[in-house]
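Engineer: build me a model:
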Amino acid sequence: MTADRLFDIANLIALLGWIALAFAPLARDRLVLAARVIGVALALTYAGLLIGSIVGGGMSEGGGFTSLEGITALFARPEAVLVGWVHYLAFDLWVGSWAVEDAGKRGVPHWAMVPVLFLTLMAGPIGLLIYLAARAGLSRRKHLA
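Structural biologist: This is a model prediction of the structure:
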């Protein structure tokens, strides 16, 4: 299977997980679990792609993790970019599922989670930071009331 085809499939599968999280209030436990199963499937895909790249000699010449130049060289090939992209898909979806689960336990309204989910999907760490800030603000407000 080509890297382009794997990219399309991984994106579609990840999107299903994000849709499940968007509809979490309908059946939070089941839909968070569905997103996590998809996250694990993406993590397994990532592991397979990474191992295949290393074992198959797919590492770019001069590539490595100890310098910016080495990282740039690692991502010089589309297959390596695919490995990195699937990494993002798996991790961001897992963070989104954790945030939705945590929000349910803490009474954060789901409407407040929709922008958090979008930001986590598009810019993972920013979505996480916004959720943590909102959660802290809501906790502080509960203690003051």
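
Engineer: the residue nearest to the spatial centre of the chain sits in which helix or strand?
Structural biologist: For the chain, the residue nearest the mean C-alpha position is D92 (1.6 Å; CA atoms, centre = their mean). Taking DSSP states H and E as the definition, D92 sits inside helix 78-106.

Engineer: can you list the buried residues in stretch 105-117?
Structural biologist: V108, H110, M113, V116, L117 (16 or more other CB atoms under 10 Å). All C-beta spots, glycine's among them, are computed from the backbone N, C-alpha and C.

Engineer: which one of the residues you listed is nearest to I19?
Structural biologist: Closest to I19 out of the buried residues of stretch 105-117 is L117 (10.1 Å), distances taken as CB to CB.

Engineer: the helix or strand hosting that closest one - contacts with which helices or strands?
Structural biologist: Following DSSP H and E, one finds L117 within helix 110-144. Here helix 110-144 touches helix 3-22, helix 78-106, going by 3 or more CB pairs under 8 Å, 6 or more residues apart in numbering; DSSP states H and E.

Engineer: return the most buried member of the ones you listed.
Structural biologist: helix 78-106 (a mean of 20; mean count of other CB atoms under 10 Å).

Engineer: what mean pLDDT does that helix get?
Structural biologist: Taken as a whole, helix 78-106 carries a mean pLDDT of 95.

Engineer: now that helix: how far from the chain's centre is it?
Structural biologist: When distances are taken as CA atoms, centre = their mean, to the nearest Å, helix 78-106 is centred 1 Å away from the chain's centroid.

Engineer: hang on, A20 packs against L31?
Structural biologist: Yes - counting by CB atoms under 8 Å, L31 is a contact partner of A20 at 4.3 Å.

Engineer: just to revisit the earlier point, make JSON lines out of the buried residues of stretch 105-117 and add distance to E101.
Structural biologist: Shown next, in JSON lines, are those (distance: CB to CB, whole Å):
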{"residue": "V108", "distance to E101": "11"}
{"residue": "H110", "distance to E101": "12"}
{"residue": "M113", "distance to E101": "11"}
{"residue": "V116", "distance to E101": "13"}
{"residue": "L117", "distance to E101": "12"}
